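Chemist: Coordinates for the following, if possible.
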Amino acid sequence: MQDRRKLYSQRFKMSKHISTLLPAALFLVSLTCYSLHWLTAPPGINGDASRLGLYAFDFVQDKLVPFYIYHQFGPHPLIIYIQALVFSALGFTHAALRGITIVGGALAAPAIYVAALWLFHQQGTAFARRAGAVAALGIALSTFFASFSRYGVEGALLPVVELLAIAFLWRGLRRGSWADFAIAGFAVGLSQYIYIAARFFPLALAVACAGAVLANRQLLARWKGLVIAAAVAAAVALPQWILFITHPYTFFARTQQSTGRFVFELPDPFAVIAGKLVNQLLMLAWRWDNGYNPLSYRSLLTPVLVVALVTGVVYTIRKRQDMHVFAFLMMLAMFLPDLLAYEGANPSATRLVPALPFIFMMAGSGGAILWERTERIRTFPKWAGYLVPLLVLSFGLVRQWDYATRVKSQVLDSSGLEWKNSLVEVAVAEYIGTHLDAPVLIPASEYQRAPLAFLLAEHFRHRTSGLEGLVEKGEIVTVVQPTDPVRPTTEWIPAVYRQDEWVLLKDGAVHFLPPLPGGVEPLTGEEEAIVASNGVVAATAFTARWKGAAPSFIPLQANFANNLDLIGYESSNLEPGSVFDITLYWRPARKVERDVEIFVELYDPIRDAVVANAHRWPLNGVYRVRAWQPGKRMPLSLRLSVAYDLAPGPYQLRTGVVDLTGRNRIPLSTGGDFMVVETLKIPLPEDHREPEISADVNFGDIITLDGYTLKSISDGLTITLFWRATALPRFDFTTFVHIVDSDDQIVAQLDAQPRNGQYPTSIWSPNEAVADELTVTDIPSGAYRIYIGLYRHHEDSWERLPIVSNEAEYKTDRLWLETITIP
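Modeler: Here you go, the predicted model:
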């Protein structure tokens, strides 16, 4: 009896050691694998990860609470807070940015092992451990999840939080501890602050729990614990749901902001869903092309895990045990985020990450079943069952070898890698980091690329605007000019490159400069090539003499209700088929509290239509308006693409501010929700016609009639008036034509602004010639005099332009052209 107790005691101690050491060993395996992927995989930096790093930079440096709308469209601040802690300790480095998600991704391996222990507890400790070990090895050696985790994007943190929720939920169901249910609820609520696809997680959890209860009614005895878990989850997620309720668009706004759409917005949604289901199955077992594991084309699961997954699914359908039903329903439900959104036929990597733990969990349960069945075959040796984890390990290592030898070399040789992986930004940042002793100029559009802005944050932690006193005229500066400044950005936002717009890096600060034509004079000497890691020349560096002077701009005074003032602008010429550049000069009166978007639009008042517009997050978010310093003038350049067929006439250049939380325009203090910056025009094409009858009649020293042409038509008369502006007309004048009989009575008339109102006099330039054709109809037969003139409307009256002449008969406000006879 004593020997038996001693044996039980030894087994208990061994079991306890296994429960502690095995998760730690699995974490080390996973961390080693993911770290090797980071260290040996193709270089570069992810655009989304860079922007997340900039949010953390804003939080640490400028104390901006990480609530943001534009990029992520919702409060997903968990990774921001974690990054802020890490950056505060280790600095704003690429290693720190990626290390957070590498560690977070690696933690999924021990987490899935612990979750399996409690989920499959009722099936025996051996089965639960085996299921956990197979699942953990599978996810630890997954080339896809290793690649995904090394990018530094927030979705890599979701699996470990999901698995913690499952582990404590089933621990509570097994033990009845309310604390376990509360921790599970906290993890569920916390998941809502990680990534948009996690919004399906509570729904999936509810469906899976319902399925487990149907399979095992005894679980209903724990209903109070489930209520506690649900209540805690709701309380933790409440701040986010307040946003969703007050601003419903934010619930799905990230999906709407990307290139994708919901499948039910497509013409044949059910055919699309069927096609995506087939592709999801192929993704599991045959082939998958995704952006986070480029050029791999391998399936998500290795062959042995495919067999294990099928085994687990078949076993679940046949036995319908609560724990297997739960895992199976969780896997199916977490496929929905990818199934309901459409960006293409292939499954989306970011939307399938939330399903990853449950795919491997089902494969783990199937692997444990195969392990157990193998041991029961009498003809096999006792150790034969261990072939299952050995095969999982072997196939996983083969995948790793394939990635290291085949995939990596293909990626390195792929075209456009220098911009797809931001190798240009990495090379430029490394060069600038070794030349901190002199002022450096880079194009403003380059700094607005999130990868470069983040990579420079460690050396240049302060951001400001202004030019005065920064660089003396004639001072020597280093200019870094990218080889391809208009290359695509990592976010596929067009790079608005201007040759005369710079960002100055000096004394640990980033200075945003206004456009300065001819601001630098290159000095004679060799240019230094800056080479990216794939051998492509990323940029060139050369020395130059600073010649820039403070720019002049047209002053404005527009005060928006959010403390943002528009104080001036400068713009290029408006021409059809070209680009129109405008620089707006803003100045915060006080700290701006909420993120905004600036819009500029070209409005056609004649046709009541916006013909060109640009809506942008200022500076593409690398220096958010909330961080702008009160009283500092900030230049903001935007570009409009002007259509080739834009009709001649007036166009209003309008600008305004949009609150990104409420999606509403911010009003001006004077009323209205936009500011008319200036009225522009597309001039008339040159008219080579000559008047049949010449004249030289001066109307009010503003407009001159150079001549006219009369042409009879069947029921009236066509008059072409050849006008010329002698000064800058400030008002819109209307032309009148009066057909007068012998009793000086008007028998027919026409009043119209030039060219049927489409080319008003207020946009005429001095000495501009305008031919205006007018047709007067319904003139009865007889002899008539023709009078013309110009007048201006007032609020309740009108005023004609006088004819200026030394001759007495011309001292009037109407001009007699001639007498005609209508047959």
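Chemist: Phi, psi for residue 577 please.
Modeler: Residue 577 adopts backbone torsions of phi 70, psi 20, taken as degrees, to the nearest 10.
Chemist: actually residue 373, sorry about that
Modeler: The phi/psi pair for residue 373 (degrees, to the nearest 10) is phi -70, psi -40.
Chemist: so what's it up against?
Modeler: Counting by CB atoms under 8 Å, 6 or more residues apart in numbering, residue 373 makes contact with nothing. Glycine gets a C-beta too; all of them are placed from N, C-alpha and C.
Chemist: Tell me how far it lies from residue 124.
Modeler: Distance, residue 373 to residue 124, by CB to CB, to the nearest Å: 14 Å.
Chemist: How about residue 637: which residues does it bridge to?
Modeler: Beta-bridge pairing for residue 637 (DSSP bridges): residue 583.
Chemist: Count the neighbours of residue 148 for me.
Modeler: 26 (other CB atoms under 10 Å).
Chemist: tell me which element it falls in.
Modeler: Here residue 148 is covered by helix 143-149, with elements defined by DSSP states H and E.
Chemist: Identify the residues contacting that helix?
Modeler: Contacts with helix 143-149, where a contact means CB under 8 Å, 6+ apart, come from 33-34, 37, 41, 101-102, 104-106, 108, 139, 155-156, 159, 288, 290, 292-293, 296, 298, 300, 349, 353, 356, 399-400, 402-403, 407.
Chemist: Can you tell me the SS state at the nearest residue to residue 46 once chain neighbours are set aside?
Modeler: Closest residue to residue 46 apart from its sequence neighbours, by CB to CB, 6 or more residues apart in numbering: residue 151 at 4.3 Å. Secondary structure for residue 151, judged by DSSP: H, G, I helix; E, B strand; the rest coil, is coil.
Chemist: just checking, residue 151 touches residue 50?
Modeler: No - using CB atoms under 8 Å as the test, residue 151 is too far from residue 50 to be in contact (10.2 Å).
Chemist: my read: residue 432 touches residue 459, true?
Modeler: Yes - using CB under 8 Å, residue 432 is in contact with residue 459, at 7.2 Å.
Chemist: For this protein, name the helix or strand with the lowest mean pLDDT.
Modeler: helix 253-257 (a mean of 49; mean pLDDT, DSSP states H and E).
Chemist: Please say which of residue 432 and residue 459 ends up with more neighbours.
Modeler: For the pair residue 432 and residue 459, the greater number of neighbours falls to residue 432 (21 against 15), based on other CB under 10 Å.
Chemist: what's the nearest residue to that one once chain neighbours are set aside in contact with, if anything?
Modeler: Spatial nearest neighbour of residue 432, excluding adjacent residues (CB to CB, 6+ apart): residue 440 at 5.6 Å. By CB under 8 Å, 6+ apart, the contact set of residue 440 is 432, 477-480, 504-506.
Chemist: Now render the residues you listed as TSV, adding distance to residue 132 and pLDDT.
Modeler: Shown next, in TSV, are the contacts of residue 440 (distance: CB to CB, whole Å; pLDDT from 0 to 100):
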residue	distance to residue 132	pLDDT
432	48	97
477	60	93
478	56	94
479	58	96
480	52	97
504	56	95
505	51	96
506	55	93
